[in-house]
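Q: Sequence and predicted structure, then a few things I'm wondering about:
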Amino acid sequence: MKKGPEVPLGRSVGIEPALTAWDDTERRVRRAVSRKRRQGRKADVPALVAVHATGIASSYEEVDMALFGRKVATMDPDGRLLGTRFEADGTFAGGGGEPTWAGAFVFLNVGFLGGPDPVLYLHPRFGGRLPDALLALETRGYDARAGVIVVGPSTAGVMDALNFVSRDV
C-alpha cells in the first residue's frame, strides 16, 4: 500500500467555503403586501393581509420599517448628532383616503413546531374597529403626531392553542 506525503506536525490548513447571508425581511414584507393589494381591493371593506415573514435573521423591527418607516438621524460633517426624525416611508404610510388594508397579521419564526403568536399591525389610516379577539394579539401601530411606533401587549396565546407537534416526542 502506497503511503501519502508526510505532513509536518503542527502545520495544518483548514478550508471552508465562503458563506454570506443578509436579512431581506423588509423587502419581502413590502413585496408580499403589494402583491396582495389587488386581492384586497376587491373587498367591500378594508381587509387584513397575512404575511409570513420568517427568514434567516427576521425581526419585528424589520417589519416595522417595511410597513411604517424608520427612525433617521441627521449628523454634521464632524459626526455630531443634529437631530432625529421618523421617516414614514413604509407601505402603510403613503396614500390618502380609505386604505386597502385595515392591517396585517405578521407571522415570524413559524415552522413545523409552531412559533410565537402573530403580531397585528394596524394601518394608520384605518378608522374602523376590529373585533376584540383580534386586538388580543400584540398590536403595532404608527402614531404620526408623536412620530413613533406604538406597541400594545398580547393576551392571546393563539399559537399555543393550535397544538403543533411537540418537541418532546
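A: Structure's in. What do you need?
Q: My read is that residue 128 contacts residue 45, right?
A: Yes. Counting by Cβ atoms under 8 Å, residue 45 is a contact partner of residue 128 at 7.2 Å. Any C-beta I mention is one placed from the backbone N, CA and C, and that applies to glycine too.
Q: what touches both of these two?
A: Counting by Cβ atoms under 8 Å, 6 or more residues apart in numbering, the residues touching both residue 128 and residue 45 are residue 102.
Q: From residue 141, how far off is residue 52?
A: Counting by Cβ to Cβ, to the nearest Å, the gap from residue 52 to residue 141 is 21 Å.
Q: can you check residue 100 too?
A: Separation of residue 100 from residue 141 (Cβ to Cβ) stands at 17 Å.
Q: Next: residue 40.
A: Counting by Cβ to Cβ, the gap from residue 40 to residue 141 is 18 Å.
Q: Those two: which has the busier surroundings?
A: residue 141 (20 against 16; other Cβ atoms under 10 Å).
Q: What average pLDDT does the host helix or strand of residue 32 get?
A: Secondary-structure element containing residue 32, defined by DSSP states H and E: helix 25-35. Average pLDDT, helix 25-35: 91.
Q: Check which helices and strands it sits against.
A: For helix 25-35, the packing partners by 3 or more Cβ pairs under 8 Å, 6 or more residues apart in numbering; DSSP states H and E come out as strand 47-52, helix 60-67, strand 101-107.
Q: got a list of contacts for stretch 121-136?
A: Contact partners of stretch 121-136, identified using Cβ under 8 Å, 6+ apart, comprise 45-46, 48, 63, 67-68, 92-93, 95-99, 101-106, 120, 139-142, 144, 152, 154-156.
Q: what's the least confident helix or strand in the protein, going by average pLDDT?
A: One helix or strand of the chain scores below all others by mean pLDDT, DSSP states H and E: helix 158-161, with a mean of 74.
Q: buried residues in stretch 130-146?
A: Neighbour-count burial for stretch 130-146 flags 130, 134-142 (criterion: 16 or more other Cβ atoms under 10 Å).
Q: Dump those residues to CSV, plus distance to residue 115, pLDDT and secondary structure.
A: What follows is the buried residues of stretch 130-146, written out as CSV (distance: Cβ to Cβ, whole Å; pLDDT from 0 to 100; DSSP: H, G, I helix; E, B strand; the rest coil):
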residue, distance to residue 115, pLDDT, secondary structure
130, 22, 91, coil
134, 18, 89, helix
135, 20, 91, helix
136, 17, 90, coil
137, 13, 92, coil
138, 13, 94, strand
139, 18, 95, strand
140, 17, 96, strand
141, 22, 95, strand
142, 25, 94, strand
